[in-house]
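[1] predicted structure and sequence below. I'll ask about it afterward.
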Amino acid sequence: MKGARQPKIGLWLDTSCTETSLALLQDGELLTLRTSSENALDFIFTALDSSLAEHSLSFKDIIKIHYCGGPGSTLGLRIAAMALKTWKALRPRIELFTSNSLLVQTALLAEEPNHPTNFTLIAQHRKGLWYSLEYNGKQYSKDKPNTLSDEDIPKLRGIIFHMQQRKFASNLPDNFQPMPILHKHIPEILQNNEIFHPVDKPEFFDTGTPTFSKWTPERHSKST
(Lines give C-alpha, C1' and ligand atoms only; values in the text may rest on other atoms or scores of the structure.)
Protein backbone atom coordinates (compact mmCIF):
# COMPACT_ATOMS: atom_id res chain seq x y z
CA MET A 1 0.00 0.00 0.00
CA LYS A 2 1.39 3.35 -1.07
CA GLY A 3 2.41 5.54 1.84
CA ALA A 4 2.26 2.70 4.38
CA ARG A 5 4.77 2.95 7.21
CA GLN A 6 7.80 0.71 6.77
CA PRO A 7 8.54 -1.51 9.77
CA LYS A 8 11.69 -0.71 11.71
CA ILE A 9 13.90 -3.79 11.51
CA GLY A 10 16.79 -4.24 13.95
CA LEU A 11 19.51 -6.86 14.12
CA TRP A 12 20.98 -8.41 17.29
CA LEU A 13 24.37 -10.14 17.24
CA ASP A 14 26.36 -11.77 20.05
CA THR A 15 29.44 -13.88 19.35
CA SER A 16 31.05 -13.56 22.79
CA CYS A 17 29.56 -16.67 24.43
CA THR A 18 29.49 -20.39 23.74
CA GLU A 19 26.42 -19.90 21.59
CA THR A 20 26.45 -17.31 18.83
CA SER A 21 23.05 -15.62 18.68
CA LEU A 22 21.50 -13.61 15.87
CA ALA A 23 18.02 -12.13 15.97
CA LEU A 24 15.78 -9.88 13.94
CA LEU A 25 13.45 -7.47 15.70
CA GLN A 26 10.54 -5.57 14.19
CA ASP A 27 9.49 -2.37 15.93
CA GLY A 28 11.23 -3.60 19.08
CA GLU A 29 9.57 -7.03 19.13
CA LEU A 30 11.50 -10.27 18.61
CA LEU A 31 10.79 -11.49 15.09
CA THR A 32 13.18 -14.42 14.79
CA LEU A 33 16.10 -15.82 16.78
CA ARG A 34 18.76 -18.25 15.70
CA THR A 35 21.58 -19.67 17.82
CA SER A 36 24.49 -22.00 17.15
CA SER A 37 27.50 -23.39 18.99
CA GLU A 38 29.15 -24.29 15.69
CA ASN A 39 31.33 -22.23 13.31
CA ALA A 40 30.38 -18.60 13.95
CA LEU A 41 31.69 -17.42 10.58
CA ASP A 42 29.39 -19.68 8.57
CA PHE A 43 26.49 -19.28 10.94
CA ILE A 44 26.29 -15.47 11.00
CA PHE A 45 25.74 -15.03 7.28
CA THR A 46 23.55 -18.10 6.70
CA ALA A 47 21.40 -17.28 9.74
CA LEU A 48 20.93 -13.70 8.60
CA ASP A 49 20.02 -14.74 5.05
CA SER A 50 17.52 -17.37 6.22
CA SER A 51 15.97 -15.06 8.82
CA LEU A 52 15.44 -12.30 6.28
CA ALA A 53 14.02 -14.71 3.70
CA GLU A 54 11.64 -16.23 6.25
CA HIS A 55 9.95 -12.85 6.66
CA SER A 56 10.31 -11.61 3.08
CA LEU A 57 12.84 -8.99 4.13
CA SER A 58 16.15 -7.88 2.67
CA PHE A 59 19.30 -6.48 4.23
CA LYS A 60 18.30 -2.95 3.19
CA ASP A 61 15.34 -3.21 5.59
CA ILE A 62 17.70 -3.31 8.61
CA ILE A 63 18.13 0.17 10.09
CA LYS A 64 20.20 -0.62 13.22
CA ILE A 65 22.38 -3.31 14.77
CA HIS A 66 22.92 -4.01 18.47
CA TYR A 67 25.94 -6.18 19.26
CA CYS A 68 28.06 -7.35 22.19
CA GLY A 69 31.59 -5.99 22.00
CA GLY A 70 33.24 -8.35 24.50
CA PRO A 71 34.96 -9.50 26.57
CA GLY A 72 34.43 -13.06 25.44
CA SER A 73 35.49 -15.47 22.74
CA THR A 74 38.40 -13.83 20.92
CA LEU A 75 37.69 -15.63 17.66
CA GLY A 76 33.98 -14.92 17.91
CA LEU A 77 34.58 -11.21 18.47
CA ARG A 78 36.94 -11.03 15.50
CA ILE A 79 34.34 -12.70 13.29
CA ALA A 80 31.69 -10.24 14.49
CA ALA A 81 34.03 -7.33 13.77
CA MET A 82 34.54 -8.57 10.23
CA ALA A 83 30.80 -9.01 9.67
CA LEU A 84 29.92 -5.59 11.08
CA LYS A 85 32.59 -3.83 9.03
CA THR A 86 31.22 -5.55 5.93
CA TRP A 87 27.63 -4.58 6.71
CA LYS A 88 28.60 -1.00 7.55
CA ALA A 89 30.48 -0.72 4.26
CA LEU A 90 27.41 -1.95 2.39
CA ARG A 91 25.06 0.32 4.34
CA PRO A 92 26.97 3.34 5.70
CA ARG A 93 23.79 4.81 7.18
CA ILE A 94 23.01 1.76 9.30
CA GLU A 95 23.12 2.58 13.04
CA LEU A 96 25.42 0.62 15.36
CA PHE A 97 24.95 0.19 19.12
CA THR A 98 27.30 -1.74 21.38
CA SER A 99 27.72 -2.81 25.00
CA ASN A 100 30.17 -4.92 26.95
CA SER A 101 29.11 -8.55 27.21
CA LEU A 102 29.13 -8.72 30.99
CA LEU A 103 26.65 -5.87 31.22
CA VAL A 104 24.44 -7.47 28.55
CA GLN A 105 24.35 -10.86 30.30
CA THR A 106 23.68 -9.20 33.67
CA ALA A 107 20.85 -7.15 32.20
CA LEU A 108 19.27 -10.25 30.62
CA LEU A 109 19.30 -12.12 33.94
CA ALA A 110 17.93 -9.07 35.78
CA GLU A 111 14.82 -9.24 33.55
CA GLU A 112 14.09 -12.78 34.72
CA PRO A 113 11.39 -13.13 37.41
CA ASN A 114 12.81 -14.09 40.81
CA HIS A 115 16.36 -13.38 39.73
CA PRO A 116 19.03 -13.22 42.46
CA THR A 117 19.07 -9.83 44.16
CA ASN A 118 22.86 -9.78 44.41
CA PHE A 119 25.31 -11.61 42.21
CA THR A 120 28.61 -11.27 40.40
CA LEU A 121 29.30 -12.27 36.81
CA ILE A 122 32.84 -13.18 35.78
CA ALA A 123 34.46 -13.82 32.40
CA GLN A 124 37.94 -15.09 31.70
CA HIS A 125 39.94 -13.02 29.26
CA ARG A 126 43.00 -15.23 29.23
CA LYS A 127 44.84 -17.45 31.68
CA GLY A 128 45.53 -15.44 34.81
CA LEU A 129 43.18 -12.56 33.89
CA TRP A 130 39.45 -12.29 34.57
CA TYR A 131 36.81 -9.56 34.54
CA SER A 132 33.88 -9.20 36.94
CA LEU A 133 30.70 -7.14 37.09
CA GLU A 134 28.38 -6.87 40.08
CA TYR A 135 24.59 -6.55 40.30
CA ASN A 136 23.23 -5.16 43.56
CA GLY A 137 19.54 -5.90 43.17
CA LYS A 138 18.54 -2.44 42.02
CA GLN A 139 20.82 -1.51 39.16
CA TYR A 140 23.73 -2.68 37.08
CA SER A 141 27.23 -1.52 37.76
CA LYS A 142 27.80 1.26 35.23
CA ASP A 143 31.54 1.17 35.78
CA LYS A 144 33.84 -0.85 33.56
CA PRO A 145 34.41 -4.40 34.82
CA ASN A 146 36.94 -5.02 37.57
CA THR A 147 40.06 -7.05 36.87
CA LEU A 148 40.82 -10.23 38.78
CA SER A 149 43.74 -12.65 38.89
CA ASP A 150 43.58 -16.42 39.29
CA GLU A 151 44.39 -15.85 42.97
CA ASP A 152 41.33 -13.59 43.37
CA ILE A 153 38.84 -16.13 42.03
CA PRO A 154 38.62 -18.39 45.13
CA LYS A 155 38.08 -15.30 47.32
CA LEU A 156 34.80 -14.34 45.65
CA ARG A 157 31.72 -14.74 47.85
CA GLY A 158 27.99 -14.75 47.27
CA ILE A 159 26.31 -15.93 44.09
CA ILE A 160 28.86 -16.15 41.30
CA PHE A 161 27.97 -16.75 37.67
CA HIS A 162 30.52 -17.26 34.90
CA MET A 163 29.95 -16.29 31.30
CA GLN A 164 30.02 -19.43 29.22
CA GLN A 165 32.77 -19.45 26.61
CA ARG A 166 34.15 -22.06 24.27
CA LYS A 167 36.97 -23.02 26.58
CA PHE A 168 38.46 -22.07 29.92
CA ALA A 169 42.17 -21.90 30.64
CA SER A 170 41.61 -22.29 34.38
CA ASN A 171 39.41 -24.47 36.58
CA LEU A 172 36.43 -22.85 38.26
CA PRO A 173 35.38 -23.34 41.90
CA ASP A 174 32.53 -25.83 42.30
CA ASN A 175 30.12 -23.19 43.60
CA PHE A 176 30.34 -21.07 40.43
CA GLN A 177 27.28 -21.34 38.17
CA PRO A 178 27.15 -20.98 34.38
CA MET A 179 25.25 -17.84 33.40
CA PRO A 180 21.85 -18.84 31.99
CA ILE A 181 21.23 -17.84 28.39
CA LEU A 182 18.04 -15.74 28.32
CA HIS A 183 17.54 -14.55 24.76
CA LYS A 184 13.82 -14.02 25.36
CA HIS A 185 14.64 -10.80 27.21
CA ILE A 186 16.55 -9.22 24.32
CA PRO A 187 13.68 -6.80 23.46
CA GLU A 188 13.55 -5.50 27.05
CA ILE A 189 17.25 -4.71 27.36
CA LEU A 190 17.38 -3.04 23.94
CA GLN A 191 14.89 -0.50 25.26
CA ASN A 192 17.26 0.43 28.09
CA ASN A 193 19.39 3.33 26.85
CA GLU A 194 21.84 2.84 29.73
CA ILE A 195 23.03 -0.54 28.44
CA PHE A 196 23.90 0.12 24.79
CA HIS A 197 25.53 3.21 23.31
CA PRO A 198 25.85 4.32 19.67
CA VAL A 199 29.14 4.07 17.77
CA ASP A 200 30.14 5.37 14.35
CA LYS A 201 32.08 2.22 13.47
CA PRO A 202 32.39 -1.26 15.01
CA GLU A 203 34.17 -1.10 18.37
CA PHE A 204 35.22 -4.11 20.40
CA PHE A 205 36.74 -4.89 23.74
CA ASP A 206 40.41 -3.93 23.98
CA THR A 207 42.37 -7.18 24.06
CA GLY A 208 45.56 -5.40 25.09
CA THR A 209 46.64 -4.28 28.53
CA PRO A 210 43.62 -4.01 30.85
CA THR A 211 42.83 -0.57 32.25
CA PHE A 212 40.00 -1.59 34.55
CA SER A 213 40.04 -1.20 38.34
CA LYS A 214 41.72 -3.93 40.35
CA TRP A 215 39.29 -6.03 42.34
CA THR A 216 39.64 -6.03 46.14
CA PRO A 217 37.62 -7.98 48.73
CA GLU A 218 36.49 -4.68 50.28
CA ARG A 219 34.80 -3.64 47.03
CA HIS A 220 32.97 -6.90 46.60
CA SER A 221 29.54 -7.42 48.13
CA LYS A 222 29.48 -10.06 50.84
CA SER A 223 25.76 -10.68 50.37
CA THR A 224 24.73 -14.25 49.70
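    Great, that's in hand.

[2] per the record, what domains does the protein have?
    Per automatic domain parsing, the structural domains of the chain span 9-101+183-199, 113-180+209-219.

[3] these: which one's closest to residue 107?
    domain 9-101+183-199 (4.4 Å; C-beta to C-beta). C-beta here means a position set from N, CA and C on the backbone, and glycine is covered the same way.

[4] gap between that closest one and the chain center?
    Offset of domain 9-101+183-199 from its chain centre (C-alpha atoms, centre = their mean, to the nearest Å): 10 Å.

[5] can you give me the first-to-last residue distance of that domain?
    Terminal residues of domain 9-101+183-199 are spaced 18 Å apart (C-alpha to C-alpha, to the nearest Å).

[6] tell me how many other residues surround residue 90.
    10 (other C-beta atoms under 10 Å).

[7] next up, phi/psi of it, please.
    Torsion angles at residue 90 (phi, psi; degrees, to the nearest 10) stand at phi -70, psi -30.

[8] sorry, back to before: deepest of the domains of the chain, which one?
    Of the domains of the chain, the one with the most neighbours on average (mean count of other C-beta atoms under 10 Å) is domain 9-101+183-199, at a mean of 18.

[9] what segments of the protein are helices?
    40-54, 74-90, 101-110, 186-190 (DSSP state H).

[10] packing partners for the last one?
    If I follow you right, that is helix 186-190. strand 9-14, strand 20-26, strand 29-36, helix 101-110 (3 or more C-beta pairs under 8 Å, 6 or more residues apart in numbering; DSSP states H and E).

[11] what is the longest one packed up against?
    Looking back up the chat, that one is helix 101-110. Counting by 3+ C-beta pairs under 8 Å, 6+ apart, helix 101-110 packs on strand 119-126, strand 129-135, helix 186-190.

[12] again, 10 Å this time
    Packing contacts for helix 101-110, counted by 3 or more C-beta pairs under 10 Å, 6 or more residues apart in numbering; DSSP states H and E, involve strand 9-14, strand 62-68, strand 119-126, strand 129-135, strand 160-162, helix 186-190.

[13] now do the shortest one
    Here strand 9-14 touches strand 20-26, strand 29-36, helix 40-54, strand 62-68, helix 74-90, strand 95-99, helix 101-110, helix 186-190, going by 3+ C-beta pairs under 10 Å, 6+ apart.

[14] so can I have TSV of the domains of the chain showing mean pLDDT?
    Shown next, in TSV, are the domains of the chain (pLDDT from 0 to 100):
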stretch	mean pLDDT
domain 9-101+183-199	93
domain 113-180+209-219	78
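
[15] TSV please, covering those and showing distance to residue 107.
    Listed next are the domains of the chain as TSV, based on distance: least, C-beta to C-beta, whole Å:
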stretch	distance to residue 107
domain 9-101+183-199	4
domain 113-180+209-219	6
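
[16] returning to what we had before: of all the helices of the chain, which one comes closest to residue 136?
    The nearest among those, by C-beta to C-beta, is helix 101-110 at 10.4 Å.
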